[in-house]
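> no sequence for this one, just the structure:
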């Protein structure tokens, strides 16, 4: 892109110089034009006089006619020459004009290049073009999206004050499931918009969300730091509140989950996933054995599409698994082997066999919900360490299931934990 721009600029400069320099090098002054006319008349006079001489010698013209024609020819020659012709003085300036033209050839490109480097916006033009290409890329072109994201990142590194560029870069990395890179892009965005605390808080919240996805739901130190940065600027930053609610719910701290999600309802009643958030609050009350309080003016959360699931442990492992072993249940869209789950639940081995309906109330993010998938792969893992990442010795099972609407007739999907991980 840069090379094409400078080639085009060079061509345009040459055209401009041609308009300026052509008159300097190829202009013919009036005196020269008149001199050329006199020379032409003189040549015509001599040619005609030679013809008259030849005709007189050949006897075609007699002496009287010959003299008469000569006099007429001489008279016409005198008519073409001004009566009071005065030689024009040579006016200096042509050499100066040529010198100015040559200097222009050298100076104009150099000055244009320097001025554009100082005050031009080629970096922003390149960023904008790359962003347009990224917008035009389809979801199935992951490799192309990754390539464009890397190009945009390089240009943003060279000109890092483009807030829209960092925001798009973070969104793109989220789409192609490069969550660590997305988190870094959102952190850079937070720095660019630091003068606006609210916008900076949102950027830190999005960074926390990306890190949370990267660790598949673990509240690591990096996630906690990003959340702290966001809430220091805005205690009601909704992305951070959502993550805190999900984490509290997964830890069976349902009261805390209600507080965090309830804060989202208070500060962002028009949140795109407000129905799912209210559904999560209702589920938390149910886990506490309480009836959810009616919210004035709030519509009851409609149940979303999901999967009715029964999780059980194979008889071969019944005596090996302590009752307090943490049980993680998570679903991913079929066809993806990594990335953020569309539903996550946390129980313990003592609750097995357990019946659960995975719907949008178990979503980790409003952007990744089970209702947006047609088929999912559900994994149930009993974790010795209590962390969601698989470890040797953990017990696991998985099943594929179709996501159905609440009113659809379907049999409960059976998921049996029937294998022990070795690596």
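Yep, it's here. None of the values given here were measured: they were computed from a predicted structure.

> how about residue 367: what's its closest non-neighbour residue?
Counting by C-beta to C-beta, 6 or more residues apart in numbering, residue 367 lies nearest to residue 174, which is 7.7 Å off, once chain neighbours are set aside. In this view, the C-beta of every residue, glycine as well, is placed from N, C-alpha and C.

> which residues of the stretch 151-300 of the chain score low on pLDDT?
294-300 (pLDDT under 70).

> and stretch 359-372, end to end?
By C-alpha to C-alpha, to the nearest Å, the extent of stretch 359-372 from end to end equals 10 Å.

> buried residues in it?
By neighbour count on 16 or more other C-beta atoms under 10 Å, the buried set for stretch 359-372 is 359-371.

> next: stretch 384-393.
387, 388, 390.

> rewinding a little: quick one: the residue nearest to residue 367 and residue 388, what's the gap?
Applying C-beta to C-beta, to the nearest Å, the value for residue 174 to residue 388 is 19 Å.

> again with residue 282
Distance from residue 282 to residue 388, by C-beta to C-beta: 25 Å.

> beta partners of residue 397?
Assessed by DSSP bridges, residue 397 has beta-bridge partners residue 380.

> can you get me a residue count around it?
If you count neighbours by other C-beta atoms under 10 Å, residue 397 ends up with 19.

> list the contacts of it.
Residue 397 is in contact with 311, 314, 379, 380, 415, 416, 417, 418, 419, counting by C-beta atoms under 8 Å, 6 or more residues apart in numbering.

> pretty sure the fifth one contacts residue 398?
Yes - using C-beta atoms under 8 Å, residue 415 makes contact with residue 398 at a distance of 7.1 Å.

> hey, what's in contact with both of these two?
Residues touching both residue 415 and residue 398 (C-beta under 8 Å, 6+ apart) are 378, 380.

> the more surrounded of those two?
residue 415 (22 against 16).

> and that one, what helix or strand is that in?
Residue 415 belongs to strand 413-417 when assigned by DSSP states H and E.

> right, and the helix or strand after that strand?
Going down the chain from strand 413-417, the next helix or strand is strand 419-420, by DSSP H and E.

> got the residue ranges for the strands in the stretch 201-350 of the chain?
Here the stretch 201-350 of the chain has its strands, by DSSP state E, counting those that start in this stretch, at 307-313, 326-333, 343-348.

> give me the distance from the last one to the chain's centre.
Which is strand 343-348. Relative to its parent chain, strand 343-348 has a centroid offset of 35 Å by C-alpha atoms, centre = their mean, to the nearest Å.

> kindly report the same for the longest one.
Relative to its chain's centre, strand 326-333 lies at 32 Å (C-alpha atoms, centre = their mean).

> follow-up on the earlier one: what distance do you get for the residue nearest to residue 367 to residue 282?
Residue 174 sits at a distance of 28 Å from residue 282 (criterion: C-beta to C-beta).

> these two: which has the busier surroundings?
Neighbour count, other C-beta under 10 Å: between residue 174 and residue 282, residue 174 has more, with 24 against 19.

> surely that one touches residue 207?
No - contact between residue 174 and residue 207 fails when scored by C-beta under 8 Å: they sit 10.8 Å apart.

> give me the common contacts of these two.
In contact with both residue 174 and residue 207: residue 182, using C-beta under 8 Å, 6+ apart.

> from residue 281, how far out is the nearest residue to residue 276 once chain neighbours are set aside?
Leaving aside its chain neighbours, residue 276 sits nearest to residue 360 (3.9 Å; criterion: C-beta to C-beta, 6+ apart). Taking C-beta to C-beta as the measure, residue 360 falls 13 Å from residue 281.

> phi, psi of the residue nearest to residue 276?
Main-chain dihedrals, residue 360, degrees, to the nearest 10: phi -70, psi -20.

> what is the neighbour count of residue 224?
Residue 224: 15 neighbours (other C-beta under 10 Å).

> ah, wrong one, I meant residue 253
Neighbour count for residue 253, taken as other C-beta under 10 Å: 16.

> the one 4 residues further on too?
Burial measure for residue 257: 25 neighbouring residues, criterion other C-beta under 10 Å.
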